[in-house]
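Undergrad: sequence and computational prediction follow.
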Amino acid sequence: MSPPRRSALEMRKELVRLRMEMQRQQLDYHAEPLRHPLRQFGNLFAPDRARPGRSKPLAVGAALLLTLFGKRLGRLRTMALFALEFYPLVSAGLRQYRAIRPPKPPQKSQA
């Protein structure tokens, strides 16, 4: 036997219920750092193994300095912002490149 067909109204209600649940989960996810700010601050200085994909404390400090003194730097500010935007991409690419191609052992010279 096939399952009974639901009416269009019941299907709309189910869709709205699923959307509301998805939005609730998104709010919970984005509110987590606000609920535990000290944990988030502590995670900034944790070793890289414990927090893959996170920015480095140096990058956070650079972003803070640019926020405070950025207007005075002029064109240098633009280049620094560009570097901060692409730093995570470049470092992830280098990490992946090094994982794929391990360094070659030094060869002994034939004299």
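TA: Thanks, I have the structure now.

Undergrad: where does this structure have low pLDDT?
TA: By pLDDT under 70, the low-scoring segments of the chain are 1-3, 40-56, 110-111.

Undergrad: so what's the backbone phi/psi at residue 102?
TA: phi -70, psi 160 (degrees, to the nearest 10).

Undergrad: so it versus residue 39, what's the distance?
TA: Residue 102 sits 35 Å away from residue 39, going by C-beta to C-beta, to the nearest Å. Every residue, glycine included, has its C-beta placed from N, CA and C.

Undergrad: more neighbours: those two, which one.
TA: residue 39 (10 against 7; other C-beta atoms under 10 Å).

Undergrad: what residues go with each domain of this protein?
TA: 7-47, 54-101 (automatic domain parsing).

Undergrad: any buried residues in whichever strand or helix holds residue 68, and which?
TA: For residue 68, the host element (DSSP states H and E) is helix 57-73. For helix 57-73, a neighbour-count test (16 or more other C-beta atoms under 10 Å) marks 62, 66 as buried.

Undergrad: that one - contacts with which helices or strands?
TA: If you count contacts as 3 or more C-beta pairs under 8 Å, 6 or more residues apart in numbering; DSSP states H and E, helix 57-73 packs onto helix 75-100.

Undergrad: check the offset of the helix it packs on from the chain's centre.
TA: 13 Å (C-alpha atoms, centre = their mean, to the nearest Å).

Undergrad: do the same with stretch 95-111
TA: On C-alpha atoms, centre = their mean, the centre of stretch 95-111 falls 31 Å from the chain's centre.

Undergrad: run through who's touching that stretch.
TA: Where contact means C-beta atoms under 8 Å, 6 or more residues apart in numbering, no residue beyond stretch 95-111 reaches it.

Undergrad: got the CA positions of it in CSV?
TA: Extracted in CSV, the C-alpha atoms of stretch 95-111 (Å, rounded to 0.1, in the frame of the first residue of the first chain):
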residue,chain,number,x,y,z
ARG,A,95,50.1,23.4,4.2
GLN,A,96,48.4,21.2,1.5
TYR,A,97,51.3,21.5,-0.8
ARG,A,98,53.8,20.4,1.9
ALA,A,99,51.5,17.5,2.9
ILE,A,100,51.4,16.3,-0.7
ARG,A,101,55.1,16.8,-1.5
PRO,A,102,57.3,16.1,1.6
PRO,A,103,60.8,17.6,1.5
LYS,A,104,63.4,15.6,-0.3
PRO,A,105,66.3,14.3,1.7
PRO,A,106,69.6,16.0,1.1
GLN,A,107,71.8,14.1,-1.4
LYS,A,108,75.4,13.4,-0.7
SER,A,109,77.8,15.1,-3.0
GLN,A,110,79.9,12.9,-5.3
ALA,A,111,83.4,14.3,-5.1
